[in-house]
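Q: Next input, structure requested:
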Amino acid sequence: MNTYVTGAAIRQLREKRGLTQAELAWQIGVSSKTVSKWETAKGLPDISLLQPLAQALGISVIELMNGEPITNRNSSANLMRCRFYVCPVCGNVIYCTGDTVVSCCGITLPALEAEAAGEEHTLTIEPVEDEQFLTVHHEMTKQHFISFLAYVTTDRVQLVKLYPESNAQTRLQLRGRGDLYFYCNRHGLFRQKV
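A: Residues are numbered from 1 along each chain as shown. As a prediction, this is how the structure comes out:
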């Protein structure tokens, strides 16, 4: 995905709407020469113009940044296609049901790629009443800790935020088949099938 709108995308979207450069320019309050410069890659729209430009082209800012309208490809509503994002500044955990552009604290966040849990990051599951008691065997210092635990199935997500100097434990109802995720602030995202 492009990190900023391209001239080719502006031209394609403008033509799809049946607008001339002059008509688009009038709608967003710039000159037609400015639109021409954008479309020929001799300049880029100011960030303050992204919202009006997207509105004039009949799409969202995200679609403008992507260069094409977004269609919902998740027709089966399967939450297993989830993506997790963690802000390195504030520690905010963001969960999305698919790829998206996410930013926090002024930073565009990459989606985390999950690895299989290894010897250094083990998770145990013990039955307790009608739930499961999950423990990640990991230190929980201010410098090195597990940030969250999540259980994802095709129809639900359970996410528990964890904090340094507490225990890396929680109780969840593990119904059906799914994936357990946990995030180490130093080593990244881990996944374990259940």
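Q: what's the pLDDT at residue 162?
A: Looking at residue 162, its pLDDT reads 93.
Q: so residue 27, which of the three states?
A: helix (DSSP: H, G, I helix; E, B strand; the rest coil).
Q: make that residue 164, sorry
A: Per three-state DSSP, residue 164 ends up coil.
Q: Does it touch residue 141 like I think?
A: Yes - the pair residue 164 and residue 141 passes the contact test of C-beta atoms under 8 Å, sitting 6.1 Å apart. In this view, the C-beta of every residue, glycine as well, is placed from N, C-alpha and C.
Q: Neighbour count: those two, which is higher?
A: Each of residue 164 and residue 141 has its neighbours counted (other C-beta atoms under 10 Å); residue 164 has more, 15 against 9.
Q: mind listing what that one touches?
A: 140-143, 145 (C-beta atoms under 8 Å, 6 or more residues apart in numbering).
Q: can you tell me how far it sits from residue 139?
A: 9 Å (C-beta to C-beta, to the nearest Å).
Q: where do the contact lists of those two overlap?
A: residue 145.
Q: How much space separates the nearest residue to residue 155 once chain neighbours are set aside from residue 176?
A: Excluding the flanking residues, the one nearest residue 155 by C-beta to C-beta, 6 or more residues apart in numbering is residue 79, at 6.4 Å. For residue 79, the distance to residue 176 equals 11 Å [C-beta to C-beta].
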